[in-house]
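Engineer: sequence-free structure coming up:
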């Protein structure tokens, strides 16, 4: 993962400062989405003086580099699990479990090609294609 990450950052002419690395590492080690203040609380274990504006600036950077997705419906953030996908367009289908809060990321080229084709036909230039779908995951459904 680290090599892919370095390649993506180099191609985009971005660098990861130690603070950016710390926040990305927090997100990369959690399967469930985290809010900015959850990230801040985890970051403060290593950087006790960290403040909310710093976290938000880093999150904005990580979204811009397409390494992190912001889940609009929950106002949370999650590491992009498809580092190899086309970074020219921030695209993902996020399947959100309403019970355990885990997030699963799906990348399907055909779905996004169909959406892009429809959008262009209807005069919309898509620059962010993040689709959020909510339901109950298999594990939570089986536990009922």
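Structural biologist: All right, it came through fine. The structure displayed is predicted, hence computed values, not measured ones. Numbers count the residues shown, from 1 in each chain.

Engineer: Can you give me the pLDDT of the spatially most central residue of the chain?
Structural biologist: By C-alpha atoms, centre = their mean, the mean C-alpha position of the chain lies nearest to residue 69, the distance being 2.2 Å. Looking at residue 69, its pLDDT stands at 90.

Engineer: a helix runs through it, doesn't it?
Structural biologist: No. Judged by DSSP: H, G, I helix; E, B strand; the rest coil, residue 69 forms no part of a helix; its state is strand.

Engineer: so who does residue 135 touch?
Structural biologist: 95, 96, 97, 98 (C-beta atoms under 8 Å, 6 or more residues apart in numbering). For every residue, glycine as well, the C-beta is placed using N, CA and C.

Engineer: cool, residue 104 as well?
Structural biologist: By C-beta under 8 Å, 6+ apart, the residues touching residue 104 are 94, 95, 97, 137.

Engineer: any chance of these in JSON lines, with distance to residue 118, neighbour count and secondary structure too?
Structural biologist: Output for the contacts of residue 104, formatted as JSON lines (distance: C-beta to C-beta, whole Å; neighbours: other C-beta atoms under 10 Å; DSSP: H, G, I helix; E, B strand; the rest coil):
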{"residue": "94", "distance to residue 118": "20", "neighbour count": "22", "secondary structure": "strand"}
{"residue": "95", "distance to residue 118": "21", "neighbour count": "16", "secondary structure": "strand"}
{"residue": "97", "distance to residue 118": "28", "neighbour count": "18", "secondary structure": "strand"}
{"residue": "137", "distance to residue 118": "29", "neighbour count": "18", "secondary structure": "coil"}
